[in-house]
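Trainee: let me see the structure of the following:
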Amino acid sequence: MIRVIEFENFYSFKGRQEVSFLATNKKDYSYTQSIEPNVQISKVMSFIGPNASGKTNALRALGFLSYFIGGKYPENIDTIPCSKFFDGNNESSILKIDFEVNDQIFVYSLEISDNQVNEEILNRITYIKKSTGKIGKKTDKIFKREKDLVTINKNIIKGTHKSAFDHLRNERSLIHFLNINYNIDFIEVISKYFLNMQFNFDEQGREEVIQFYTLKKYDEDRDARRKVSDLLTKLGTGVTSFKTTKSGKGRMLQYNAEMYHSLGDGNNAHLPLRYESRGTQKLFFNLSPLIYALNKDKVVVLDELETGLHSEILNNLIDYFIEESNGKSQLIFSSNYHNFINLLNPQQIHLCEKNISNSKSFLYRMDKIEGIRPDGNHRKKYLSGKYGAFPINEI
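Mentor: Next up, the predicted model:
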């Protein structure tokens, strides 16, 4: 599970930003217990703010790490798809993520500039019960990469040779390099963790690619089709079921979907997906990664989850995810709606703003607002403008 994400000089964010999923003394079902004693991790994290405030860019931090660590790049790509704050500044982009997998905590940090890795570090944190009964914290340095110099902890990663890293490309992740060249169990787990994160967007903005693979997944996974059909019905779209078809081969391969509606006399009518409402189409494509994340204990990141939906359906989806999650899956989303604010805790909401005078975005967690009360009507106060991150409308 994701614990903390930090990023700096990344898209519209110039200064260092922190997104923390951690809390203490949380006993409700929207949190799960961390490996770290007396700490809980949220199953859900939301971003709200005006249009063009930077919400999508905040989600891109995870999208980039999934792409980079998971090794999603084609072999012929020799660039790093990461934009600095208004390209042209000479400073590095910095990203850091703390996460838990297989009952271990890892801390990964990355510094990049000019399509090359300047620094890449992976550490592991474990908690050990001492003979006194107290819990001790131990940090192991697994590797450190400084441009062409790679230092490996030989006690943890065995069998590597210094000369092997001569083949490590400047624009590629050391984690991915180790995963494809060596049989290291925990490295494989980390690589798959990031590779299998689910998104409704990609770094190149190719919505048609996301839609292609969503339809492919539906075509191959009968259980996913059944669950999504059931949700589409329960959410009042009028869709009772759907089927996928494929045609062509190779680069001409295409997938399509037919949506079925009951006529009330035991018969069904069917429509091509493209004739469904915009909201139903968006819901259809967003439910696939959401269901996959729940089934496989993965992270799902959905930008503008509310697009085309009634605000009540957005709340239904959040509730559904929290209830169905067994404690390992996480939902991270952005929204322009505000109805969900009172559904979540202030620790599960990040507000996003942009300074109009310098175009710099910035984030802050709602519970960090001075004077905020845990039991307050946060939606009402957000709408009043007291919490900030509210649209300035001069029309």
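Trainee: surely Asn155 is in a helix?
Mentor: No. Counting by DSSP: H, G, I helix; E, B strand; the rest coil, Asn155 is not found in a helix; it is coil.
Trainee: count of residues packed around it?
Mentor: Asn155 has 8 neighbours, counted by other C-beta atoms under 10 Å. For every residue, glycine as well, the C-beta is placed using N, CA and C.
Trainee: list the buried residues for stretch 228-241?
Mentor: Residues Val228, Ser229, Leu231, Leu232, Leu235, Thr237, Gly238, Val239, Ser241 are the ones in stretch 228-241 that count as buried (16 or more other C-beta atoms under 10 Å).
Trainee: who's in contact with it?
Mentor: 218, 225, 242, 259-262, 268, 276-277, 279-280, 283-284, 287-288, 291, 313, 316, 320 (C-beta atoms under 8 Å, 6 or more residues apart in numbering).
Trainee: filter those down to the buried ones.
Mentor: Among the contacts of stretch 228-241, those classed as buried by 16+ other C-beta under 10 Å are 218, 225, 242, 259, 261, 276, 279-280, 283-284, 287-288, 291, 313, 316, 320.
Trainee: so which of the residues you listed are in helices?
Mentor: When those are checked against helices (DSSP state H), the matches are Tyr218, Arg225, Gly279, Thr280, Leu283, Phe284, Leu287, Ser288, Ile291, Ile313, Asn316, Tyr320.
Trainee: what's near enough to touch the closest residue in space to the third one that isn't next to it in sequence?
Mentor: Meaning Gly279. The shortest distance from Gly279 to any non-neighbouring residue, by C-beta to C-beta, 6 or more residues apart in numbering, is to Gly308 (3.2 Å). Residues counted as contacts of Gly308 (C-beta under 8 Å, 6+ apart) are Ser277, Arg278, Gly279, Thr280, Gln281, Lys282, Leu283.
Trainee: am I right that Lys298 is in contact with Leu195?
Mentor: No. The criterion here is C-beta atoms under 8 Å, and Lys298 misses it with Leu195 at 9.9 Å.
Trainee: residue boundaries of the helices in the stretch 251-395 of the chain?
Mentor: With helices called from DSSP state H, counting those that start in this stretch, the stretch 251-395 of the chain shows them at 278-296, 311-324, 378-383.
Trainee: low-confidence regions, this protein specifically.
Mentor: For the chain, the stretches with pLDDT under 70 are 87-88, 203-206.
Trainee: tell me the centre residue of it?
Mentor: Nearest residue to the geometric centre of the chain (C-alpha atoms, centre = their mean): Val301, 3.6 Å.
Trainee: against Asp98, how distant is it?
Mentor: Using C-beta to C-beta, to the nearest Å, we find Val301 at a distance of 17 Å from Asp98.
Trainee: which strands or helices does the biggest strand by length in the chain pack on?
Mentor: The strand that spans the most residues within the chain, counting by DSSP state E, is strand 116-129. The contact analysis (3 or more C-beta pairs under 8 Å, 6 or more residues apart in numbering; DSSP states H and E) places strand 116-129 against strand 104-113, strand 135-146, helix 174-181.
Trainee: please repeat the previous calculation with a cut-off of 6 Å.
Mentor: strand 104-113, strand 135-146 (3 or more C-beta pairs under 6 Å, 6 or more residues apart in numbering; DSSP states H and E).
Trainee: not counting its neighbours along the chain, what's nearest Lys246?
Mentor: For Lys246, the closest residue by C-beta to C-beta, 6+ apart turns out to be Tyr255, at 5.0 Å.
Trainee: and for Ser46, the neighbour number?
Mentor: Ser46 has 22 nearby residues by other C-beta under 10 Å.
Trainee: again, but for Asn89
Mentor: 12.
Trainee: and it, bridged to which residues?
Mentor: Counting by DSSP bridges, Asn89 forms beta bridges with Asp87.
Trainee: ditto for the one 10 residues further on
Mentor: For Phe99, the beta-bridge partners are Ile2, Phe106 (DSSP bridges).
Trainee: quick one: it from Val4, how far?
Mentor: 8 Å.
Trainee: specify which residue of the two has the higher count of neighbours.
Mentor: Ranked by neighbour count (other C-beta under 10 Å), Phe99 and Val4 place Phe99 first, with 21 against 15.
Trainee: contacting residues for that one?
Mentor: Ile2, Arg3, Phe106 (C-beta atoms under 6 Å, 6 or more residues apart in numbering).
Trainee: now do the SS call for His190.
Mentor: If you look again at residue 190, you'll see it is Ile, not His. helix.
Trainee: related to what we said a few turns ago, pick the one among the contacts of Gly308 closest to Phe64.
Mentor: Lys282 (23.4 Å; C-beta to C-beta).
Trainee: surely that closest one and Thr307 touch.
Mentor: Yes. Counting by C-beta atoms under 6 Å, Thr307 is a contact partner of Lys282 at 5.0 Å.
Trainee: can you give me the end-to-end span of stretch 109-117?
Mentor: 11 Å (C-alpha to C-alpha, to the nearest Å).
Trainee: got the buried residues for it?
Mentor: Neighbour count says stretch 109-117 has Ser109, Leu110, Glu111, Ile112, Ser113, Val117 buried, by 16+ other C-beta under 10 Å.
Trainee: kindly reformat these as a markdown table containing distance to Pro272.
Mentor: As requested, these are arranged in a markdown table below (distance: C-beta to C-beta, whole Å):
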| residue | distance to Pro272 |
| --- | --- |
| Ser109 | 47 |
| Leu110 | 43 |
| Glu111 | 48 |
| Ile112 | 43 |
| Ser113 | 47 |
| Val117 | 45 |
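Trainee: so which pair among those residues is furthest apart in space?
Mentor: Of all pairs drawn from the buried residues of stretch 109-117, the greatest distance, 14.4 Å, lies between Ser109 and Ser113 (C-beta to C-beta).
Trainee: please enumerate the strands of the stretch 201-350 of the chain.
Mentor: 239-247, 254-262, 268-272, 299-302, 330-335, 349-355 (DSSP state E, counting those that start in this stretch).
Trainee: what about the residue nearest to Ile156 when sequence neighbours are not counted, how many residues nearby?
Mentor: Closest residue to Ile156 apart from its sequence neighbours, by C-beta to C-beta, 6+ apart: Ile142 at 5.5 Å. Residues contacting Ile142 under the criterion other C-beta under 10 Å number 24.
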